[in-house]
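K.L.:
mind looking at a prediction? Sequence and model below.
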Amino acid sequence: MTKPSVYGSQEGDTPERSRHGLFGRIMYRPFWLFVYTLCKLLFRLRVDGREKLPDGPFVLSAVHRSFIDTPIVGVITGKRLRFMGKESLWKSRPLGAFLTFFGGFPVERGVADRTALRAAEDVLALGEPLVMFPEGTRQEGPRLNREQVLDGPAFVASRAGVPIVPVGIGGSAKALPLGAKIPRPRKIVAIIGDPIMPPEKTNGKVPRRAVKDLTETLFVELGDLYVEARIAAGDEPAPT
């Protein structure tokens, strides 16, 4: 007998969270075109490296310093993306419905959320890129902290056999700092890095050490892109 989950799916079925409704798919591009126009007007958004985006599915992993990072990531690729977000965002019914409508699905942090993992793998199996912020939640500071970069993106990418695309975002922390509610007009630059390929599987499985190594590579690449994006956005001076 299958066991119903709290999200309405059953073990052995396609995860409910991986499904994106027809109306949401139809409205996806008009909505994100509107968001892109706002980002250009308010933040003079500049995106470098679009030519590096691979065909097919991938995990997009960006630095996370502001609530603005999510809409920025949503418009930089020109592709229909799916978003994995922290479960607490779905505690608000209107916000949760909105996020689900446009392709988001929740993950419970701090535990092995198998339903979210199955949803993530299902999204990638359908050929859809998946957004996962490796820091899990918004962080502060001009540099990445290795302890705050989690294994989630590397684990999902390794299991699915897809590349990770790192993205550095500069300027968003000043456009909408932690604690602020109203964004400020501020230049934002997003720099897309080279895809990081997943490790080879051994007997159909990915060694834990390989996942850790992939996270380490992501940390280094993402840290460099973050500094580059901050310099381009005017957050810090260029090295002499």
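P.N.:
Nice, I can see it. Here the structure is a predicted model, which is why all the values come from computation and not from measurement. Numbers count the residues shown, from 1 in each chain.
K.L.:
I'd assumed residue 108 was in contact with residue 90.
P.N.:
No. Contact criterion Cβ atoms under 8 Å: residue 90 and residue 108 do not qualify, at 10.2 Å. For the C-beta atoms, the positions are set from N, CA and C on the backbone; glycine is no exception.
K.L.:
compare the two (neighbour count), which wins?
P.N.:
Neighbours were counted for residue 90 and for residue 108 using other Cβ atoms under 10 Å; residue 90 has more, 18 against 13.
K.L.:
which strands and helices sit next to the longest helix seen in the chain?
P.N.:
Longest helix in the chain by number of residues (criterion: DSSP state H): helix 208-233. On a contact count with 3 or more Cβ pairs under 8 Å, 6 or more residues apart in numbering; DSSP states H and E, helix 208-233 meets strand 59-62, helix 152-160, strand 164-170, strand 189-192.
K.L.:
redo that, cut-off 10 Å
P.N.:
strand 46-48, strand 59-62, helix 152-160, strand 164-170, helix 172-175, strand 189-192 (3 or more Cβ pairs under 10 Å, 6 or more residues apart in numbering; DSSP states H and E).
K.L.:
so which of the ones you listed is nearest residue 209?
P.N.:
Residue 209 lies closest to helix 152-160 among those, at 11.1 Å (Cβ to Cβ).
K.L.:
quick one: that closest one to chain centroid distance?
P.N.:
Put simply, helix 152-160 sits 13 Å off its chain's centre (Cα atoms, centre = their mean, to the nearest Å).
K.L.:
stretch 26-39 now?
P.N.:
Distance of stretch 26-39 from the chain centroid (Cα atoms, centre = their mean) equals 17 Å.
K.L.:
then stretch 204-216?
P.N.:
In terms of Cα atoms, centre = their mean, the centre of stretch 204-216 is set 20 Å apart from its chain centre.
K.L.:
go through it and flag the buried ones.
P.N.:
In terms of neighbour count (16 or more other Cβ atoms under 10 Å), stretch 204-216 has its buried residues at 206, 210, 211, 214, 215.
K.L.:
residues in contact with the residue nearest to the last one when sequence neighbours are not counted?
P.N.:
Nearest non-adjacent residue to residue 215, counting by Cβ to Cβ, 6 or more residues apart in numbering: residue 154, 4.3 Å away. Taking Cβ atoms under 10 Å, 6 or more residues apart in numbering as the definition of contact, the neighbours of residue 154 are 59, 61, 132, 134, 164, 196, 198-199, 206, 210-219.
K.L.:
quick one: residue 154 and residue 51, what's the gap?
P.N.:
To residue 51, residue 154 is 24 Å away according to Cβ to Cβ, to the nearest Å.
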